[in-house]
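In: quick one, structure for this:
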Amino acid sequence: MGCIPRLFSAAVIAAFAFCGAAHAQDVTLSSRDGAFGFSGTLLAYDGEFYRVETEFGRLTVDGESVLCEGPACPSLITPKAIIRIVGASEAGTKILPPVLAAFAQSRGLVLQPASGSEPLRLVDPIAKKTLAEIGFQPMEPDAALTALAEVRADLVIGSVAKPEFGSQTIALDALVPIVSQDNPLAQITTPQLAKALAGEVKNWSEVGGPDMPLVLHGLRADSDLQRALSARLGREIAATVLHPDPASLAAAVAHDPWALAITGQSSVGEARNLPLADSCGFALSPSAFSVKAQDYPLTLPVYVLTPRRRLPLIAREFLEFLASPNAQAAIETSGYSARAPMVQTIAPEGVRLINAIQRAGVETTLVDLQRMVEVMARAHRLSLTFRFLDGTNELDPASQDNLADLARLIEADMFLGQTLVLAGFSDGTGEAANNQNLSKTRADQVLQALQSALPEVGAPLLPQVEAFGEAMPIACDETAAGRQLNRRVEVWVSPQVLLQTP
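Out: Numbering: from 1, shown residues only. Take a look at the predicted model:
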């Protein structure tokens, strides 16, 4: 992976220009036996299928079943794909260059950087043919989704998954509060932060700081990060000083001792990450493991959204590549957290055990805690964690990707000779017996989903199910966000598997 930074200098990233669609032209497609045929405007050819606008509507036709005539008929040997990517500026410009470089290297292709108005190109070095032209254009969320729906874009990079599009989690970032290095405040709680972001805190003394005015900085309301933050808060961010991008935001906060802002952990710059805790005293640290497990409440997934239409072959290969170890290693170089699973030993779990004992309700018995500790003592925790959409039994988008990752690991025999456990947990609202049943139901649902994904894998290779109810909270139940974090299914493995450890 050492060649990746050299392939993309700052100048190359700045020139990573958006590539427009090729001009559409007329074609006639006829069946090989001459029984039928039709004419239309060629929209795309990916080496396997033609996509043509006809009087009957938009048709997709298998290239092997027809003959093509007309000025727009492509070369059937080396078709060139046009891949138009739009979306979040920060994620796109940081993640795409190293990942595309790694993709080219894995395919034995040459990556020709963008230059002026010329797009980035993937070139077959033997045939000397351009296989794909790839462009990225920063675009606000609504405009990006519209472009994808109207076939003016092929992929969208963003922080919100939409049910009308396919989605794939490619990276994770943590939203963190930042202040100047000169700001003396030691930490801030989530309720204090929420009030400050809503404009309800005017002075640092209201959150334990000095008697100085609090100046709230932020990005434009229509930016991807600001929208994601507003969605978490449930209201608009009341920033009084706005910036065009995360880099300028962090720079401004770093030079103002009384400024406060939220940004991605990958974009803190010279500012200081202000430690965060919840109202019950739980420390909320954006460690590599807690971000991957999404135990940190302000974890922000980075998605690639795909249309409900067939993409060019090389684009489909690129999407498949994003889940590979090479792609994940490239993402780590971008400053974002890759989704590659990590294993955490029992030692860091001590804090969670202390919380479990301190926060145990009257209905959580010593026997309950001892049973949980007995299972944990023999196991390590895998970062793959499953959570559900509010009020449903449906896995959220990031958890669906985690399910696919776990299925791939099981299918690749990564856990031979080991014991896998799906450990279900609930929040602490309601009766303990009901919470115990709910946590088991959720763990059972994950197991059933795994069985569906791996119909050929026998039960001995699949996880066991354990349910611990409200026995080990990782956040305060007094807030909706805390309860959502506590309702989870973790993956434990014993003994330790050969995966990355923090």
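
In: neighbours around residue 56, how many?
Out: 9 (other CB atoms under 10 Å). To be clear about C-beta, it is placed using only N, CA and C from the backbone, and glycine gets the same treatment.

In: just residue 52 next, same as before
Out: Residue 52 has 27 nearby residues by other CB under 10 Å.

In: next up, the contacts around the residue nearest to it when sequence neighbours are not counted.
Out: For residue 52, ignoring the flanking residues on the chain, the nearest one in space by CB to CB, 6 or more residues apart in numbering is residue 40 at 4.1 Å. Counting by CB atoms under 8 Å, 6 or more residues apart in numbering, residue 40 touches 26, 27, 29, 52, 53, 54, 55, 59.

In: pull out the buried members of these.
Out: Among the contacts of residue 40, those classed as buried by 16 or more other CB atoms under 10 Å are 27, 29, 52.

In: and the longest strand for the protein?
Out: strand 166-179 (DSSP state E).

In: chain center to that one, what's the gap?
Out: Distance, stretch centre to chain centre, for strand 166-179: 6 Å (CA atoms, centre = their mean, to the nearest Å).

In: stretch 195-211 now?
Out: For stretch 195-211, the distance to the chain centre is 32 Å (CA atoms, centre = their mean).

In: endpoints of it, how far apart?
Out: The first residue of stretch 195-211 is 17 Å away from its last residue (CA to CA, to the nearest Å).

In: which residues touch it?
Out: 183-186, 188-189, 192, 212-214, 216, 229, 233, 235, 237-238, 258, 260, 262.

In: how far away is residue 41 from residue 72?
Out: Applying CB to CB, to the nearest Å, the value for residue 41 to residue 72 is 8 Å.

In: what's the answer for residue 168, then?
Out: 31 Å.

In: show me the longest helix that occurs in the chain.
Out: helix 432-453 (DSSP state H).

In: and that helix, what does it pack against?
Out: On a contact count with 3 or more CB pairs under 8 Å, 6 or more residues apart in numbering; DSSP states H and E, helix 432-453 meets helix 397-411, strand 419-425, strand 464-467, strand 488-494.

In: just name whatever secondary elements the second one is in contact with.
Out: It refers to strand 419-425. Packed next to strand 419-425, using 3+ CB pairs under 8 Å, 6+ apart, are helix 432-453, strand 464-467, strand 488-494.

In: report the buried residues of it.
Out: Buried residues in strand 419-425 (16+ other CB under 10 Å): 420, 421, 422, 423, 424, 425.

In: quick check: the farthest pair among the residues you listed?
Out: Using CB to CB, the pair of the buried residues of strand 419-425 lying farthest apart is 420 and 425, separated by 16.6 Å.

In: next, residue 224: phi, psi?
Out: Note on residue 224: backbone dihedrals following degrees, to the nearest 10 are phi -60, psi -50.

In: so what's residue 435 up against?
Out: Taking CB under 8 Å, 6+ apart, one finds 426, 427, 428, 429, 469, 470 in contact with residue 435.

In: and if we set it to 7 Å?
Out: 426, 469, 470 (CB atoms under 7 Å, 6 or more residues apart in numbering).

In: and residue 218, by the same measure?
Out: Counted by CB under 7 Å, 6+ apart, residue 218 has contacts 226, 237, 239, 242, 261.

In: pLDDT value on residue 14, please?
Out: Listed pLDDT for residue 14 reads 37.
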